[in-house]
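**Q** make a model of this:
(chains A and B)
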Number of protein chains: 2
Amino acid sequence: MTSLQLSAKDEMVEKFLDAAARGDLSQVSILLSHVPSLINQTGYSGWTALMLAARNGHHHVVEALLAYGCDKFSVNSSSQTAYDIAKFWGHRHISNLLNRTDDGCQRVLPGSDIRQQENYFSREMLDRLSAKRTDKVWMEAKQIDSGSVYLLFSKLCPMVNSSQDNDDAGGETKLCRFRYEAVKDLVQKPATVLIFLGVEKRKKSCSSKTEEEAWEPPAWFAINTDEDAAELLKRCRENNCFFPKIPNRDLLKLNEEEAGVVAQARSVLAWHSRYSFCPTCGSSTKLEEGGYKRSCLNSDCRSLQGVHNTCYPRVDPVVIMLVIHPDGNQCLLGRKKMFPGGMFSCLAGFIEPGETIEDAVRREVEEESGVKVGPVQYISCQPWPMPSNLMIGCLAVAISTDIRVDENEIEEARWFPRQQVIDSLFRGIHAALTVPPRQTIAHQLIRHWVGMNSNL
Amino acid sequence: MTSLQLSAKDEMVEKFLDAAARGDLSQVSILLSHVPSLINQTGYSGWTALMLAARNGHHHVVEALLAYGCDKFSVNSSSQTAYDIAKFWGHRHISNLLNRTDDGCQRVLPGSDIRQQENYFSREMLDRLSAKRTDKVWMEAKQIDSGSVYLLFSKLCPMVNSSQDNDDAGGETKLCRFRYEAVKDLVQKPATVLIFLGVEKRKKSCSSKTEEEAWEPPAWFAINTDEDAAELLKRCRENNCFFPKIPNRDLLKLNEEEAGVVAQARSVLAWHSRYSFCPTCGSSTKLEEGGYKRSCLNSDCRSLQGVHNTCYPRVDPVVIMLVIHPDGNQCLLGRKKMFPGGMFSCLAGFIEPGETIEDAVRREVEEESGVKVGPVQYISCQPWPMPSNLMIGCLAVAISTDIRVDENEIEEARWFPRQQVIDSLFRGIHAALTVPPRQTIAHQLIRHWVGMNSNL
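**A** Sure thing, here's the model as predicted:
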């Protein structure tokens, strides 16, 4: 190696370390994609890019470096790991990221990473208090309680307001919350569907112990109405309220807590909108138990004897899976015609009666792509209220590699190399491949796979 | 230690090793429950009980010894492990049991034991060929094909015959299989529900290649009819045919393959029996797509526009969980009033709309027993066709231990020490605690926990 080459290399290392120290994720990614060997290079006092990013609190850069496969255990000349550095400087979210091994519960459940991914639509800010659903006195008192919170749905979409004037680019939206007085007239109309969601889990911070004890957690309700949407919007003082038009897109702009409430409310309301008649005898039904039951009004109906699923809300289990190539370095993604250009996602499909999760994964992958699957591993799940799916997310290992697409289901399926998937995750729209947004379990499965094969 | 004590101990070791060598599981268990330290004792040439049981092909004793926590890696004076011995003597099922570590797929899916438990009702002997469901020509040809197999259901139970004259004690039952000619009259009746199950997966062993190529896998159908059960039984030449009366009990006597077919057939037939009317408008519906769809006959119905779950069979996801004490050595089991005396099982409950598997586990355990749960780990699942549940089996770690039972749900819940659970599994009815039978996922979750903490 000539001294000139050496110096060019040194310069690049310096540029790379500097980008990591400044938190310039885009520059870090570009340099790594050109010169992957930069990843564990050290500069002054043996500091790596990971240590510099950890020192300066750049969470995204730390995350990307880990995903690119950097060595998180290397030490600098003071024998500190990146974890030690993050901890010392008080960047707790980074030290947590770097320290994904010790966990007291591992002893009780060995052989598994029990650190559960929390997906969008999954957070439960309410305690459902299912035992209260049959307590009519309590329920009626809560309905008219001035502390109770009402969410207002029209065509199964909640009224929201946007935190920015121009929210089309992806600004956060917030649920409009009403008091009983503001929706009393709607609640009293027979065509309105009212359901009980639960009571708030966490107590507000109170100034005194007495105040804390006196605090009653607010109850939450949701109502769905057929009234004119424009009229409904007039109930809000703010003028930036609206009903989302495309649930698949617009409901992904809520914060995590509100998304969880909407997942619950929308699924139950959708069930009421489609299941007003008894499927066993065709008669009308009435809503009961805070919205968690519909009973047939025909006193001779079989559905009134014993316990049957016809009376209860439906949850449809779906498998969604990232299929990994037998070589471990590629994954199978497919695209539907309706996807935006360049977007590919995980394959998915409904679980059939009498089928396990694992067999549904194998059947769906083979039906859609022609690829045969061996081992299947459950990763995490996600309620998807369109209208009431439970997405069960898995990794699956292919045992064949030839692709033969079922064109009724998907337009194209392809093996993508790991590096290209990482580029897509961390460089976003600049990459040739686009993966679904972070709110989808497909995105999280892809991230999980990428992270799993690195030093995470 | 006096020489007398030594000799008594020697005698007991000898008795223990002898019981293992003879395959006397009951004796092995009794001795271990009195003197747990016997487990790894050695006799002549350093042979342990495990080695002796492995040598002589006593699978159940090997399994029990592993569950009791014996050291499977110890070697005798010829440096052989129990695995080496089992392999040498050709006991493959035992060497497989002893060698649960190496697996090529582990490289692709690190951090997980991807060896999947196969539960009862889970085996798929048929390829469902879902793409053929809309192919009317193919479907009609298969229906009248003399090679096709028909199963006959009355009140959602399949006609079976018992392999023993006196089967009440738990003998195996077999599905009665009919040819088209034998059920043609029933198939043609409008009240009969006919569904397509799939075609046989495995080819029969053929004497020549040509014969193999010519072989068409038989198609399977199931029909459910309201006709008089006694009349239906006359269709069978054998006189030991019957329709099971208690599905929860009687359907557990089939072999694994037939149980899988019944899981599929019964779930779909049960859906037809309860969902004959359109839940969206109350009109009648008609069966389509080989029994996997019901379409509304009212041409104005909303359910005919777009894709909605009302037209498709329902699968109800249920969580079932073994809750482990924070100390790792006890598990929480509950009993319902209807259980036989002494029987305790895992807690379970339906997943609600907008809820994850993990949160459903936490909610159900707290509702039923008052115990709070932290980490949850998915283990395996089981279709349970009563009528169409998908049992999602998990281990869960408690973060509180006080029990407060919801008496509407269960009669009693208790923490059971690991040793007592092992005794129940391996000594059966002689134990103070009875756990559900092996065909249930509850049983398998308990076994999994017990095995997990041993050297398995």
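
**Q** domain map for chain A?
**A** With domains defined by automatic domain parsing, chain A comprises A:3-98, A:126-203+A:213-274, A:316-450.

**Q** for those domains, which one ends up most surrounded?
**A** domain A:316-450 (a mean of 20; mean count of other CB atoms under 10 Å in any protein chain shown). Glycine gets a C-beta too; all of them are placed from N, C-alpha and C.

**Q** ok now that one, how far from the chain's centre?
**A** 15 Å (CA atoms, centre = their mean, to the nearest Å).

**Q** could you tell me the end-to-end distance of it?
**A** Using CA to CA, to the nearest Å, the end-to-end distance of domain A:316-450 comes out at 28 Å.

**Q** with stretch A:184-201 instead?
**A** End-to-end distance (CA to CA), stretch A:184-201: 25 Å.

**Q** who's in contact with it?
**A** Here stretch A:184-201 makes contact (CB atoms under 8 Å, 6 or more residues apart in numbering or on different chains) with A:124-129, A:132-133, A:139, A:142-143, A:150-152, A:180, A:217-227, A:261, A:264-265, A:268-269, A:272-273, A:287, A:290-292.

**Q** just these: which are in strands?
**A** A:126-127, A:150-152, A:219-225, A:287 (DSSP state E).

**Q** let's have these in JSON lines, adding pLDDT and distance to B:Phe339.
**A** Below are those laid out as JSON lines (pLDDT from 0 to 100; distance: CB to CB, whole Å):
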{"residue": "A:Leu126", "pLDDT": "96", "distance to B:Phe339": "33"}
{"residue": "A:Asp127", "pLDDT": "96", "distance to B:Phe339": "29"}
{"residue": "A:Tyr150", "pLDDT": "98", "distance to B:Phe339": "43"}
{"residue": "A:Leu151", "pLDDT": "98", "distance to B:Phe339": "41"}
{"residue": "A:Leu152", "pLDDT": "97", "distance to B:Phe339": "46"}
{"residue": "A:Ala219", "pLDDT": "97", "distance to B:Phe339": "36"}
{"residue": "A:Trp220", "pLDDT": "98", "distance to B:Phe339": "37"}
{"residue": "A:Phe221", "pLDDT": "98", "distance to B:Phe339": "38"}
{"residue": "A:Ala222", "pLDDT": "98", "distance to B:Phe339": "38"}
{"residue": "A:Ile223", "pLDDT": "97", "distance to B:Phe339": "41"}
{"residue": "A:Asn224", "pLDDT": "96", "distance to B:Phe339": "41"}
{"residue": "A:Thr225", "pLDDT": "95", "distance to B:Phe339": "46"}
{"residue": "A:Leu287", "pLDDT": "96", "distance to B:Phe339": "33"}
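
**Q** ok, the residues you listed vs chain B, which is closest?
**A** A:Asp127 (8.5 Å; CB to the nearest CB).

**Q** number of nearby residues for A:Ser284?
**A** Here the number of neighbours of A:Ser284 (other CB atoms under 10 Å in any protein chain shown) works out to 12.

**Q** one more: the one 10 residues further on?
**A** With neighbours defined by other CB under 10 Å, the count for A:Arg294 comes to 24.

**Q** so it, which state does it fall into?
**A** Using DSSP: H, G, I helix; E, B strand; the rest coil, the structure places A:Arg294 in strand.

**Q** which residues touch the residue nearest to it when sequence neighbours are not counted?
**A** Of all residues not flanking A:Arg294 in the chain, A:Thr285 sits nearest, at 4.2 Å (CB to CB, 6 or more residues apart in numbering or on different chains). By CB under 8 Å, 6+ apart, the contact set of A:Thr285 is A:275-278, A:294-297.

**Q** A:Thr285 should be in a helix, yeah?
**A** No. Per three-state DSSP, A:Thr285 lies outside any helix segment and is strand.

**Q** from A:Phe277, how far out is it?
**A** The gap separating A:Thr285 from A:Phe277 is 6 Å, by CB to CB, to the nearest Å.

**Q** on that earlier part again, most widely separated two among the contacts of A:Thr285?
**A** The span of the contacts of A:Thr285, defined through CB to CB, is set by A:Tyr275 and A:Leu297 at 13.6 Å.

**Q** more neighbours: which of these two?
**A** Taking neighbours as other CB under 10 Å, A:Tyr275 and A:Leu297 compare with A:Tyr275 leading, 21 against 14.

**Q** hmm, that one is touching A:Arg294, no?
**A** Yes. A:Tyr275 is in contact with A:Arg294 according to CB atoms under 8 Å; the separation is 6.2 Å.

**Q** possible to save the contacts of A:Thr285 as JSON lines with pLDDT?
**A** Shown next, in JSON lines, are the contacts of A:Thr285 (pLDDT from 0 to 100):
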{"residue": "A:Tyr275", "pLDDT": "95"}
{"residue": "A:Ser276", "pLDDT": "95"}
{"residue": "A:Phe277", "pLDDT": "97"}
{"residue": "A:Cys278", "pLDDT": "97"}
{"residue": "A:Arg294", "pLDDT": "96"}
{"residue": "A:Ser295", "pLDDT": "96"}
{"residue": "A:Cys296", "pLDDT": "97"}
{"residue": "A:Leu297", "pLDDT": "97"}
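
**Q** and the furthest pair within the ones in strands among the contacts of stretch A:184-201?
**A** Most distant of the ones in strands among the contacts of stretch A:184-201, by CB to CB, are A:Asp127 and A:Thr225, 26.0 Å apart.

**Q** of the contacts of stretch A:184-201, which are in range of chain B?
**A** Intersecting these with the surroundings of chain B, defined as CB under 8 Å from any CB of the partner chain, gives A:124, A:128, A:264-265, A:268, A:292.

**Q** list the residues that contact A:Pro317.
**A** Per CB under 8 Å, 6+ apart, neighbours of A:Pro317: A:350-351, A:357, A:389-390, A:392, B:315, B:317, B:390.
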